[in-house]
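Student: Structure of the sequence below:
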Amino acid sequence: MAAGETQVYAKVNSKLKGRSAASLLDPLLGMGFPVHTALKALAATGRKTAEVAADWLHCHCDDPSLDDPIPQEYALFLCPTGPLLDKLQEFRRESQRQCTRNRAHEVFPHVTLCDFFTCEDQKVEHLYEALKRAGDKMLGSFPLTVPLALHSSISYLGFFVNEGSADVIREFAKAFAMEAAVLADCSVKPCTKQLHLTLAHKFYPHHQRTLEQLAGALHPGHSCQWIAALYSRDMRFVHYQTLRVLFQYKPQNVDELPLSPGDYIFVDPCQQQEASEGWVIGISRRTGCRGFLPKNYTDRARECDTWVKHRIYTFGQAADPNSREDGEAGSRRNGELHPPQRPRSMGSIQALQAAIVRRSLLVVRHGERVDQVFGRAWLQQCSTPDGRYFRPDLNFPYSLPRRSNGIRGFESDPPLSACGIFQSRMAGEALLGSGVPITAVYSSPALRCVQTAQHILGELKLEKKMKIRVEPGIFEWTKWEAGKTAPTLMTLEELKEASINVSTEYRPAFPLASLMPAESYSEYVDRCAVSVRQMVSSCPQDAGVILVVAHGSALDSCTRPLLGLPPRDSADFAQLVRKIPSLGMCFCEENKEAGQWELVAPPVKTLTHGSNSAFNWRNWILGS
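Tutor: This is a model prediction of the structure:
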């Protein structure tokens, strides 16, 4: 049993001491289900109906944990409804579209009223009664409107609840905790810190201004009716990733999970050693069974998507704690950042942002190369016997730069295809839209990498302001390069003649002449580690984003040294690199407070594209 599971079991009292309302329990007992599993099913489904609980039990007939005495974890949230909720949802959609996903997107808009706590399955009905009593006690004094003040910092954006109203809301949370202790024997810890409704959390610093502008359109005075909502989650999977199934999958082997669209899968990132590339091991929420599944059949789900709504108490009208609503709400895990008591002014926020911008490293694979599409013999398709270049297909580049060894020099150093140029410009355009502050650019000496960097800078409007620092130390693993000699690459002078703004002052960690053919894997990863450390150290502290354009292999070999991770096994490394697409990205961010670098989501979305087969119109018309 894993250490985490041992802790979960330690929190559980395995003795069942009571029974729930007969109207729900008796039909399940009449079907032959044992008391403890029937109560477990009722708690896991929010005690809606006996039919829903029976369906849950039938689906979990092969669940190895069905008899385990592990209750649900519960929490109480204050959730907005009506026009204010509509505006908050609109903000979340737009903030994710413009600034990518952040921690606030994991949950629904809410104010946390207590930490998560456990309740034995047979006492959940008493928990509902505790909610009703606490609500009735505070109904007369609960504020009809809850004043909210916008607060912004380097990693948090949200509304603080006015202290006068916050005191009343805390009294409600304390009343619920006292009632839950008496009626359901639950230990509930009410929230005692600044009450707040989160808009964005743990976002990229360069997105702060955009998020503040979006939040400026929110008016907390919008009409709103507040509800206290009781939710539960499966405590075993709190630290797991949650995946949503997109496509049907029929298992090919006995150790695989069947998948249906809409299912949820819990995945422990620390237990994936047995899974092959492209597969994960997960536990089905629908059946409780564990098995392998193809990861590309799933997408990332929100943290709160698998939580179960139990009961609500509505303030401002006749309360009906037994009413149910179709909707979602959320909570946050313990340990989330609580902002300071007093909001800062916008001027001090911008000053703080300028002082604490984190240094980041964005590693990007080059765009599509010509030989990737037309094969190793691509030069024979586009060159005349006397060595002149012509364009036989629209995906060939319009022209080739001049180099000292003539057109044959491109054989081991191919350029971008026309589509590769377009991909690079798309990435640059997206980076421009994200507002990411690129402050230094490094590139592998391979022509395809330098060209990719050039086109990205062009879209960022930096091609004349920022010089590309060519670093041979991040060139591809030479074992993968054809030939028994080091590849012949274009010199800085030749690149400048081709109108590429490269730096002639930069002193690389590894000169071009130091690249050795057929180097070992350890030599390659050491070379990359030394190079990336020099690139980072040569940039000033808090310098913004360092852009590194290199090969697919660099996404691994240039980030693991910063993250403090050892090199992968060479076979695993080769399998991983084959899966990295053109313009694939990895983004690392320096966390000075923790004294380490962290892998975070890239500032732009991925680029997915498909192949386009060659088309011969003559054969299509005249062929048989």
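Student: Check which helix or strand the residue found closest to residue 188 once you drop the neighbours it is linked to in the chain maps to.
Tutor: With sequence-adjacent residues excluded and distances taken as Cβ to Cβ, 6 or more residues apart in numbering, residue 188 is closest to residue 177, at 3.8 Å. To be clear about C-beta, it is placed using only N, CA and C from the backbone, and glycine gets the same treatment. Using DSSP states H and E, residue 177 sits within helix 163-184.
Student: for that helix, which positions count as buried?
Tutor: 165-166, 169-180, 183-184 (16 or more other Cβ atoms under 10 Å).
Student: now for the helix or strand harbouring residue 523, which elements pack on it?
Tutor: For residue 523, the element it lies in under DSSP H and E is helix 521-537. For helix 521-537, the elements it packs on are strand 545-550, helix 554-557, helix 560-563, judged by 3 or more Cβ pairs under 8 Å, 6 or more residues apart in numbering; DSSP states H and E.
Student: Test my guess that the residue nearest to residue 188 contacts residue 184.
Tutor: No. Contact criterion Cβ atoms under 8 Å: residue 177 and residue 184 do not qualify, at 10.8 Å.
Student: tell me the domain ranges of this protein?
Tutor: 31-68, 72-235, 241-306, 360-369+415-600 (the TED database).
Student: before we move on, the earlier item: and the contacts of the helix holding residue 177?
Tutor: When contacts are defined by Cβ atoms under 8 Å, 6 or more residues apart in numbering, helix 163-184 is touched by residues 76, 78, 111, 113-114, 117, 119-120, 123-124, 126-127, 129-131, 133-135, 137-138, 141-143, 146-147, 161, 186-192, 194-195, 228.
Student: how about a cut-off of 6 Å?
Tutor: Contact with helix 163-184 is made by 76, 113-114, 119, 123, 126-127, 129-130, 133-134, 137-138, 141, 143, 146-147, 186, 188, 190, 195, as judged by Cβ atoms under 6 Å, 6 or more residues apart in numbering.
Student: out of everything not next to it in sequence, what's closest to residue 397?
Tutor: Per Cβ to Cβ, 6+ apart, closest to residue 397 is residue 415, 5.4 Å.
Student: mind listing what that neighbour touches?
Tutor: Applying Cβ under 6 Å, 6+ apart to residue 415 gives the contacts 370, 397, 447.
Student: Kindly report the same for residue 127.
Tutor: So residue 127 contacts 119, 180, 184 (Cβ under 6 Å, 6+ apart).
Student: what's the closest of those to residue 553?
Tutor: residue 119 (51.0 Å; Cβ to Cβ).
Student: any idea how far the closest one lies from residue 72?
Tutor: Note on residue 119: its distance to residue 72, by Cβ to Cβ, to the nearest Å, is 7 Å.
Student: Kindly report the same for residue 377.
Tutor: 63 Å.
Student: So these two - more neighbours on which side?
Tutor: residue 72 (22 against 9; other Cβ atoms under 10 Å).
Student: Quick check: pLDDT value at the closest residue to the more buried one other than its chain neighbours.
Tutor: Distance criterion Cβ to Cβ, 6+ apart; nearest residue to residue 72, sequence neighbours excluded, is residue 232 at 3.9 Å. What the model reports as pLDDT for residue 232 is 96.
Student: secondary structure class for residue 232?
Tutor: strand (DSSP: H, G, I helix; E, B strand; the rest coil).
Student: That one pairs with what?
Tutor: Residue 232 has the following beta-bridge partners by DSSP bridges: residue 74, residue 308.
Student: give the contact list for it.
Tutor: Per Cβ under 6 Å, 6+ apart, neighbours of residue 232: 72, 74, 308.
Student: okay if I get those as JSON lines plus pLDDT and distance to residue 91?
Tutor: Putting these into JSON lines (pLDDT from 0 to 100; distance: Cβ to Cβ, whole Å) gives the following:
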{"residue": "72", "pLDDT": "94", "distance to residue 91": "30"}
{"residue": "74", "pLDDT": "97", "distance to residue 91": "28"}
{"residue": "308", "pLDDT": "95", "distance to residue 91": "26"}
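Student: Contact partners for residue 306?
Tutor: 242, 264, 285.
Student: again, only this time at 10 Å
Tutor: By Cβ atoms under 10 Å, 6 or more residues apart in numbering, the residues touching residue 306 are 233, 234, 237, 240, 242, 244, 264, 265, 266, 285.
Student: Neighbour-wise, give me the winner out of the residues you listed.
Tutor: residue 265 (28 neighbours).
Student: bridging residues for the closest residue in space to it that isn't next to it in sequence?
Tutor: Excluding its sequence neighbours, the residue lying closest to residue 265 (Cβ to Cβ, 6+ apart) is residue 282, at 3.9 Å. Applying DSSP bridges to residue 282 gives these bridge partners: residue 291.
Student: Please enumerate the helices of the stretch 51-200 of the chain.
Tutor: 82-99, 124-138, 163-184 (DSSP state H, counting those that start in this stretch).
Student: closest to residue 272 out of the ones you listed?
Tutor: Taking the helices of the stretch 51-200 of the chain one by one with Cβ to Cβ, helix 82-99 is closest: 26.7 Å.
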